[in-house]
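Asks: Build me a model from this:
(2 chains)
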Amino acid sequence: MILASAPTATSPSAFWYLPIDAAAHGPALDHHLLLNLWIALALLTLAHLILFTGLILRLRSEPTHIGRIEYLPLAIITTLFIALAVRAESLWAANRYTGPSRTALQIEVTGVQFAWYFRYPGPDATFGVTRPQLVSAAEANPLGIDPADPHSIDDRVTSKLVLPANREIDLTLRSQDVIHGLSIPELRLKQNAIPGQTVHLHFTATTPGTYALLCTQLCGLGHFRMNATVQVVPWGDYIGWLASQPTEAHQ
Amino acid sequence: MTLPNQQVLSPKLYTRLFTTDHRIIGLQYLALALFSVTIGTLLSLVMRIHLVWPTWPLPLHGLILPEDYLAVVTLHGTIMLFFVLTTAPQAGFGNLILPSQLGARHMAFPVLNALSFWTTAAALITLLSSPLVPNGAAISGWTAYPPLSAVAAAGPGQGLGMDLWLVSISLFALASTASSINILTTIIRNRCPGLTWDRLPLTVWGWFTAALLSLIAFSVLLAALLLLFCDRHCGTGFFVPTGDLVNGVLHRGANGSPLLWLHLFWFFGHPEVYIAILPGMGLTSMLLANFSRRRPFAYRTMIYTTLLIGLLGLLVWGHHMFVSGLNPFASSAFSVSSIAIAIPATAKVLSWLATIWRAKPQYTTAMLFSLGFVSLFIAGGLTGPILAQPILDQYLNNTLFVVAHFHLIMAMAGVFGLFAATYYWFPQISAALGKPNLILSESLGRWHFWITILAAYAVFLPMHLSGLAGEPRHYAQLTTGSLTPTTALLARTIPANLHTTYSAFVLAAAQLLFFYNLVRTLLRGTPAPENPWQSTTLEWHPQFTNPFFPLPASDEETEKIIVYRDPCHYHAPPSGTIFIPQWMPDASIDPKPE
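Replies: Have a look, this model is predicted:
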């Protein structure tokens, strides 16, 4: 059993309504997002100030300095966008260009209309083979795990995503039927699960707490209720929780 | 009153309805768009009400189920994108105004033009019939991602409703391709003597670029729709992988990829956004200039930026797929091309600001809506570069932040462009209806403008905050009754959602003023003077506006219209501004204004 731990992180910006941030890559992402939002707000204000000033001031002859009016501000804004893009690309590269470290904890996430299933591979660190023909919710095998595969025996399938804090996670995203979107706003994560394709997502959760996992890709009538709970807990609690979950062999 | 147009005079309904007169076809498109935008707006109100009062029963229907909500979302998006924002600026005003702005009396292919309209009408009827079939209309959104759209078992509405959606959009794609061929040919072939490429009004450049994009984008969409249809009915597997198990139905066929659809769809979908907005951008340049009595600032640069936006528009589709399983390196490349589009767009904004800078413009309603277009284009455009950064999309993708972004820039700015066009060109609209030179009430128009722009901001600015708080799109309900981390997260967005819903009512109600203005003017309007806005472009040539002007017996006589200069020539001698239309010979320019 895990004691529900209250989130201790605070929202990075009350003005912009962002939820709390509980991932290692989160503060850099938030910082860049807030920078972008403030720049956008400043440019919006500036443009409207120019618009209104231009409308209010009395008549003057037609502006002609095309270089000063058109190309100089354009060069400034282009430089600004290039700077933002370079920063964004470096953050994106840090998050997505390389895979997880070899010691990252593997968890598989499968989207099915309209539920999320999480699979922990057990001591062999390998997921058992799944076959769509074997999928049967009635027989408690929603993922179609093949019991004949020796890797399956120690797999654990849960409906809640429990993550140890401060440990790198390697999520393997799959979908059984249609495209789903995995989103954990408090961990600043979003990635679609595509049928026929596996996508990896690696990250580290830092702040223990209970967070929302939502589907963000329209997947059918139950899209709005395709949610799950994410719990980030200290390592010891994680080990204890995992041991309490039945393995496939004991289903 | 007699009219020059034989077909309008004809008592036979058949010949009036199936006319090949480009003006009447333009009006038919505009009527179709006006009908569609009314339906689309009512659907959006249903969504807004349901989101904040989920137990409200829709009259004549009852409780709104999740599948009903998604069918409403799908119909709203499809109607607005295709039948309003593609139809009205391009085919509607394009047909009504484009030939006259070229000094031409016909579109290049009049019969094809009529066929395009009636195919579009058939597409709309097909779409609107889809809620009536068993299991209702499609629920997979206007983007129709497979396998949700490829497998009938994926949900209610994904059977016959989805087939009707596919038929409707295929018809629409055919009609748009034909219409864009017509517009391109007309611009290339039917310009009057003297109207060289660099003398074309920026509106024509907008229509030209949008037609080029339509031609490329809609043909790809049509191909994608056919492949999807084959996946549904011919046992192929272009978009569905082997072993895909949807609601108990196992796909044993070919191993396809849903990502292929995303590539094909967004190769169409992103240019589509520019198809909707480019004519409005051209019109804004021309109207700001006309009412400021100046040339559009940096005219040539504006021609190049229009073309550049079109070109870049074809290279940015991947920014819809940053978190869709696209290779992260590809995301970086698409990010660069997407941010690059901000540069020509910024150049446009700078030109607009410079054109009106200390010009003491004339605040007609058309001018107000053009200024509103500039404001909304800036407000919606500034979040574009934010969403073009994949790392930020990792948080913002498919939240209401995206919905707010594209509604401000495409829906609101797009519709403001249409309002500006309607107020500005109403004398042309009324002339085509047989009542020449009526203008809409300017005082009603001002009320319409101010309420609309304030309400538009009130609807869409708070929506950014809902998105930043994490609210996803396409959620049929924000509360589910039980307390979960998700409901706690979404509960934070309820105040912003309530604000959005109340504002949406005001925004919709303000449009009643517009309808009242339209009806009142058509029934009881008094004719305005010829060329009431003192415009310089050819659609205001007496041959096109004055019903008593002797009609040329043949095209050869129409050739008498000759263009002598660029549009937007105004002189400001001390005694007052004069305007010099494109068709006025140099010799006849009176150096002293009256």
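Asks: Low-confidence regions, the stretch 1-150 of chain A specifically.
Replies: A:1-10 (pLDDT under 70).
Asks: same check, this time on the stretch 51-200 of chain B
Replies: Going by pLDDT under 70, which is the cut-off in play, the stretch 51-200 of chain B has no low-confidence ranges.
Asks: Near chain A, which residues of it are found?
Replies: Contact residues (C-beta under 8 Å from any C-beta of the partner chain) of the stretch 51-200 of chain B with chain A: B:65-67, B:70, B:139-141, B:145-148, B:151, B:154-156. In this view, the C-beta of every residue, glycine as well, is placed from N, C-alpha and C.
Asks: of these, closest to A:Leu91?
Replies: The shortest distance between A:Leu91 and any of those, using C-beta to C-beta, involves B:Tyr145 and amounts to 27.3 Å.
Asks: Please spell out which residues along stretch B:179-193 are buried.
Replies: Neighbour-count burial for stretch B:179-193, with 16 or more other C-beta atoms under 10 Å in any protein chain shown as criterion, is recorded at B:179-184, B:186-187, B:190-192.
Asks: What segments of the stretch 401-550 of chain B are helices?
Replies: Under the criterion DSSP state H, counting those that start in this stretch, helices of the stretch 401-550 of chain B are mapped to B:413-432, B:442-468, B:485-491, B:494-524, B:542-545.
Asks: Would you mind listing the residues in contact with the residue of the stretch 151-251 of chain A found nearest chain B?
Replies: Of the stretch 151-251 of chain A, the residue with the smallest distance to chain B, taken as C-beta to the nearest C-beta, is A:Gly196 at 2.5 Å. Contacts of A:Gly196 were listed using C-beta atoms under 8 Å, 6 or more residues apart in numbering or on different chains, and they are B:240-244, B:255-258.
Asks: Kindly recompute the last result at 6 Å.
Replies: B:Pro241 (C-beta atoms under 6 Å, 6 or more residues apart in numbering or on different chains).
Asks: how about it, phi and psi?
Replies: phi 80, psi 10 (degrees, to the nearest 10).
Asks: Report pLDDT for it.
Replies: The predicted structure scores A:Gly196 at 95 on the pLDDT scale.
Asks: cool, B:Ala420 as well?
Replies: pLDDT, B:Ala420: 98.
Asks: Work out for me the element the closest residue to it other than its chain neighbours sits within.
Replies: What sits nearest to B:Ala420 in space, not counting adjacent residues and going by C-beta to C-beta, 6 or more residues apart in numbering or on different chains, is B:Phe369, at 3.8 Å. Secondary-structure element containing B:Phe369, defined by DSSP states H and E: helix B:365-381.
Asks: Can you spell out which helices and strands pack onto that helix?
Replies: Packed against helix B:365-381 by the contact rule (3 or more C-beta pairs under 6 Å, 6 or more residues apart in numbering or on different chains; DSSP states H and E) you find helix B:258-292, helix B:342-356, helix B:413-432, helix B:442-468.
Asks: Wait, A:Leu29 touches A:Arg188, no?
Replies: Yes: shown here, A:Leu29 and A:Arg188 form a contact pair, counting by C-beta atoms under 6 Å, at 5.0 Å.
Asks: More neighbours: the two, which one.
Replies: Between A:Leu29 and A:Arg188, counted using other C-beta atoms under 10 Å in any protein chain shown, A:Arg188 has the larger neighbour count: 27 against 22.
Asks: quick one, what contacts the residue nearest to B:Ala420?
Replies: Contacts here follow C-beta under 6 Å, 6+ apart; on that basis B:Phe369 touches B:416, B:419-420, B:449.
Asks: go on, B:Tyr475?
Replies: Each residue near B:Tyr475 by C-beta under 6 Å, 6+ apart is listed here: A:Phe224.
Asks: top of the residues of the stretch 51-200 of chain B next to chain A by neighbour count?
Replies: Using other C-beta under 10 Å as the neighbour criterion, B:Ile139 leads those with 33 neighbours.
Asks: Grab the nearest non-local neighbour of that residue.
Replies: Counting by C-beta to C-beta, 6+ apart, B:Leu70 is the residue found nearest to B:Ile139 once chain neighbours are left out, at 3.7 Å.
Asks: element containing that neighbour?
Replies: Using DSSP H and E, the secondary-structure element containing B:Leu70 is helix B:66-78.
Asks: Next: A:Pro19.
Replies: Here A:Pro19 is covered by no helix or strand, with elements defined by DSSP H and E.
Asks: if you skip the residues just before and after it, what's nearest to B:Ser324?
Replies: Going by C-beta to C-beta, 6+ apart, B:Ser324 has A:Asn192 as its nearest residue, at 4.6 Å.
Asks: Tabulate the helices and strands packed on helix B:365-381 (CSV), appending mean neighbour count.
Replies: Below are these laid out as CSV (neighbours: other C-beta atoms under 10 Å in any protein chain shown):
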stretch, mean neighbour count
helix B:258-292, 25
helix B:342-356, 24
helix B:413-432, 25
helix B:442-468, 21
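Asks: Specify the stretch among those that is closest to B:Tyr395.
Replies: Counting by C-beta to C-beta, and looking across all of the helices and strands packed on helix B:365-381, nearest comes helix B:442-468 at 8.5 Å.
Asks: circling back to that earlier point, how many other residues sit next to the residue nearest to B:Ser324?
Replies: Neighbour number of A:Asn192 under other C-beta under 10 Å is 29.
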